[in-house]
Each structure stands twice: as C-alpha cells, then as structure tokens.
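Trainee: I need the structure of the sequence given here:
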Amino acid sequence: MKVLPVAVDSGHRAVAPSNESFFDGSYPFHNNVYLYFNKVPGKPLSPRAREFARFILSKEGQKIIAAEQRSRLCRC
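Mentor: As a prediction, this is how the structure comes out:
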C-alpha cells in the first residue's frame, strides 16, 4: 500500500495522513467522534457523566484515545 497526500480540490494543498492531520481535521478523510449523554432535558449532567466528559476532553484522555487509535491502525 502506498500512502498519498490528499487535497479536497485543486485549490487546496494536499495533506498526508498522520496522527496530527487526523486530530486537527486537516486531513480530508478523518472521522469525527461524538459524545452523547442520555439525560433529562434542562437538567445538569450527573457528576459521573460530567467527570467522564471532562476526562475524555482533557489532554490525558486525548492521549489515551490517540494511543487506542494507533493500536487499531498498526497491525504490528
């Protein structure tokens, strides 16, 4: 397999796939991740759900997610 940089169209620069280009959104074929909570409208998140969201969005949580993605991509 050969990895090639991809451009959205001829007016944009080509971007090679990498961890950075996936996470910063500059690579055109990246996947977004959404976080949904089942809660009563108008009520705050439970302390457990709020802490989970805080952790997932933190630098430490993002490192764990990135490592998990790398392990799925690398068939070493």
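
Trainee: could you give the number of residues near F55?
Mentor: Counted with other Cβ atoms under 10 Å, the neighbours of F55 add up to 12. For the C-beta atoms, the positions are set from N, CA and C on the backbone; glycine is no exception.

Trainee: which residues touch it?
Mentor: G61 (Cβ atoms under 8 Å, 6 or more residues apart in numbering).

Trainee: okay, it: pLDDT?
Mentor: If you check F55, the pLDDT there is 95.

Trainee: the nearest residue to A7 once chain neighbours are set aside - how many residues pack around it?
Mentor: Once flanking residues are discounted, A7 sits nearest to A14: 4.3 Å by Cβ to Cβ, 6 or more residues apart in numbering. Neighbourhood size, A14 [other Cβ under 10 Å]: 11.

Trainee: domain assignment for this protein?
Mentor: 1-32, 33-73 (automatic domain parsing).

Trainee: rank the ones you listed by pLDDT, which is bottom?
Mentor: The minimum mean pLDDT among these belongs to domain 1-32 (a mean of 83).

Trainee: quick one: that domain to chain centroid distance?
Mentor: 14 Å (Cα atoms, centre = their mean, to the nearest Å).

Trainee: could you give me the buried positions within it?
Mentor: V15, P17, S21, F22, Y27 (16 or more other Cβ atoms under 10 Å).

Trainee: just stretch 36-45 next, same as before
Mentor: For stretch 36-45, it's none, nothing buried (16+ other Cβ under 10 Å).

Trainee: wait, a strand at I64?
Mentor: No - going by DSSP: H, G, I helix; E, B strand; the rest coil, the assignment for I64 is helix, not a strand.

Trainee: what is the burial count for it?
Mentor: 12.
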